[in-house]
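K.L.:
here is a sequence together with a model predicted from it:
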Amino acid sequence: MKHNRKLIFAALLAAASLPVAAWAFFKPIRIIAPQFNGVTCVGSVCVESIATLPIAERLHAEAMTNIAAKLRPLNSPPRAVFCSTRVCYQSFGGGTERGAAIFNLGVIIPPNSWQIYIVEHELIHMLQAQELGLRGRERTPPWFKEGMPFFVSDPPAFDLPDYAKPLVAEYEAWELRVGRDNVWAEIRKH
């Protein structure tokens, strides 16, 4: 009996410490409650510096509008964390990339990426997860998973990375064949 209590206590202690360990060691999970990671959130937009909130809100709203017009609307605005420093971005698990979609939970935008096409790109990943499910998005070929956001968000030529150029070309050719209105149904068959 005494041994069972110790096991139960150990199991409860382990279960209680799991969220703390996840928060400490798996930084992307912080998107779930970004306010506890030093940012201020108003609705689905979070900022490191409250002075930048109007810019971040405008970028988020404009990207949502553009994606709805170009592809289809997102069911609800995904959380978007706009960091003013690399320290903030890295505290959410970001690295050297220009932005990141965290599963289907939201996006993080580093300080050098506050451009409409980058915000659109990351939110298109959220739309992919909405339309295909998170596992479905991850199972799509790279030309769809990355080619679509690069092609649809239409970054300036100088800001399209070399690795993305063949992905964009393959996606563009595929979309031309199937038609933009059919991309979701067609990729499910792929």
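P.N.:
That came through, no problem.

K.L.:
got any ranges where this protein has weak pLDDT?
P.N.:
Within the chain, the segments meeting pLDDT under 70 span 1-26.

K.L.:
show me where it has its strands.
P.N.:
Ranges of strands in the chain, per DSSP state E, are 40-42, 45-47, 79-82, 100-102, 106-109.

K.L.:
off-centre distance for the third one?
P.N.:
Put plainly, it is strand 79-82. 9 Å (C-alpha atoms, centre = their mean, to the nearest Å).

K.L.:
what does stretch 68-80 give?
P.N.:
12 Å.

K.L.:
can you check stretch 146-165 too?
P.N.:
For stretch 146-165, the distance to the chain centre is 16 Å (C-alpha atoms, centre = their mean).

K.L.:
do me a favour and get the end-to-end distance for that stretch?
P.N.:
10 Å (C-alpha to C-alpha, to the nearest Å).

K.L.:
check stretch 169-189 too.
P.N.:
20 Å.

K.L.:
and the nearest residue in space to Asn66 that is not next to it in sequence, what does it touch?
P.N.:
Excluding its sequence neighbours, the residue lying closest to Asn66 (C-beta to C-beta, 6 or more residues apart in numbering) is Glu120, at 5.6 Å. No exception for glycine: its C-beta is placed from N, CA and C like everyone else's. By C-beta atoms under 8 Å, 6 or more residues apart in numbering, Glu120 lies in contact with 63, 66-67, 149, 152-153.

K.L.:
rewinding a little: which one of the strands of the chain lies nearest to Ile29?
P.N.:
strand 100-102 (8.3 Å; C-beta to C-beta).
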